[in-house]
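>>> Sequence below, structure please.
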Amino acid sequence: MKKEISLNQLRMLIDDTGNELYKKKNILTRNSLKTIHKDASGHEEVMSLEFDFEEGLEEVKRLNSDLIRYKTTLQKANLETKISDEDTIATALVKLDLNRKLISTLETLVSKEEVKHRRTDSSYSNYYYIEHIQLNFDKNSLIEYKEQLKAKINLLESQVDYANTNTKVTI
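Got it, this is the predicted structure:
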């Protein structure tokens, strides 16, 4: 039965189906062997709990197939859905990922400070010098660039959120 849902709903469906598939695969793996005790007289006793392996395997296959269908539908929609003149959801996601990583690096850089230390050549020497460690960049322009990047990220995120809420796909 085909139904129309938003991309946000599809993402939640993907998460739920992925979690369910993970659980079912674990159950299938745990029940892939059967323990049987056999005594000297030939009497056998099955020690494992009853489990229909074929039914479990069919459930895993169905969930796997559904997950493939959902993910390919999402991927196709991400590639085709325009959020601006220059971006689709897919290109925006790439930009968001890389810009967030760049912001992390910039935050590390702007947290650095200039430092001055008094140093001596040896423990018995009266000779000392001042070691001055300076920043090799303009901290204020780096902070300004970081803020501009954050604004771009916020805009892209809002465009992606809007598209994910308002774009419908049929599954």
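>>> The residue nearest the centre of the chain: what secondary structure?
In the chain, the C-alpha nearest the mean C-alpha coordinate belongs to D97, at 9.9 Å (CA atoms, centre = their mean). Look at D97: counting by DSSP: H, G, I helix; E, B strand; the rest coil, its state is helix.
>>> need the contact list for it.
Contact partners of D97, counting by CB atoms under 8 Å, 6 or more residues apart in numbering, are absent. The way it works is simple: take the backbone N, C-alpha and C, and place the C-beta from them, glycine included.
>>> That one and S104: what is the separation?
D97 sits 11 Å away from S104, going by CB to CB, to the nearest Å.
>>> Next: Y129.
35 Å.
>>> And for L7?
Applying CB to CB, the value for L7 to S104 is 27 Å.
>>> Those two: which is more packed in?
Taking other CB atoms under 10 Å, L7 and S104 do not tie; L7 has more neighbours (22 against 10).
>>> Torsion angles phi and psi at that one?
Main-chain dihedrals, L7, degrees, to the nearest 10: phi -60, psi -30.
>>> Who are the contact partners of it?
L7 neighbours (CB under 8 Å, 6+ apart): 74, 77-78, 81, 89, 163-165, 167, 169.
>>> Using CSV, lay out those together with neighbour count.
Output for these, formatted as CSV (neighbours: other CB atoms under 10 Å):
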residue, neighbour count
L74, 19
A77, 20
N78, 20
T81, 19
I89, 22
A163, 22
N164, 20
T165, 12
T167, 19
V169, 17
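>>> Could you measure from the residue lying closest to G56 once chain neighbours are set aside over to E50?
Closest residue to G56 apart from its sequence neighbours, by CB to CB, 6 or more residues apart in numbering: L28 at 4.7 Å. According to CB to CB, L28 and E50 sit 15 Å apart.
>>> ok, these two, which is more surrounded?
Taking neighbours as other CB under 10 Å, L28 and E50 compare with L28 leading, 16 against 7.
>>> what element comes up after the host helix or strand of the more buried one heading to the C-terminus?
According to DSSP states H and E, L28 maps onto helix 7-30. Using DSSP H and E, the helix or strand that follows helix 7-30 in sequence is strand 36-38.
>>> Let me know how buried A92 is, in neighbour terms.
23.
>>> typo on my end, it should be K2
Neighbours of K2 (other CB under 10 Å): 5.
>>> Run through the residues that contact it.
If you count contacts by CB under 8 Å, 6+ apart, then K2 has 170-171 around it.
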